[in-house]
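Q: pasting the structure only:
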């Protein structure tokens, strides 16, 4: 059974960088052909795909967030991470990591999810 767990600070100040890590157990992040995704849900809004890192280490980003987003991985720890720079209160959301398979999916099809972590951007 694959399990994902997000970790990181719950409060970030405006203009600073948001950093989250997803720890994966029960499966390797280097196994073909899985994708490892970051998704967020702002209060009162739908899910927004932010980006992913593929089993081979290549990252993919949402065009709307690409200039502020970086996704990386640590294969020794079976973790992948999200960095979002220059945050504003509009980045307040529940942030999820999730597994996908095959091609990059931006609107669904993820089969395993973390429980989500609330991140609030406020001074």
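A: Okay, I see it. It should be emphasised that the depicted structure is a prediction, and the values quoted were computed from it without experimental measurement.

Q: Tell me how many other residues crowd residue 45.
A: 9 (other Cβ atoms under 10 Å). All C-beta spots, glycine's among them, are computed from the backbone N, C-alpha and C.

Q: can you check residue 56 too?
A: There are 8 residues near residue 56, going by other Cβ under 10 Å.

Q: element containing it, please.
A: Following DSSP states H and E, one finds residue 56 outside all helices and strands.

Q: and the gap between it and residue 87?
A: Distance, residue 56 to residue 87, using Cβ to Cβ, to the nearest Å: 29 Å.

Q: now do residue 120
A: Counting by Cβ to Cβ - residue 120 and residue 87 are separated by 10 Å.

Q: Give me the nearest residue to residue 117, chain neighbours excluded.
A: residue 6 (4.2 Å; Cβ to Cβ, 6 or more residues apart in numbering).

Q: any idea which helix or strand carries the one you found?
A: strand 3-7.

Q: buried ones in that strand?
A: 4, 6 (16 or more other Cβ atoms under 10 Å).

Q: what comes into contact with the helix or strand just after it?
A: Once the chain leaves strand 3-7, the next helix or strand it forms, by DSSP H and E, is strand 11-12. With Cβ atoms under 8 Å, 6 or more residues apart in numbering as the test, strand 11-12 has contacts from 18, 87, 91, 119, 120, 121, 122.

Q: Neighbour count says what about these? Which are buried?
A: Buried, going by 16+ other Cβ under 10 Å: 18, 87, 91, 119, 121, out of the contacts of strand 11-12.

Q: No further questions, thank you.
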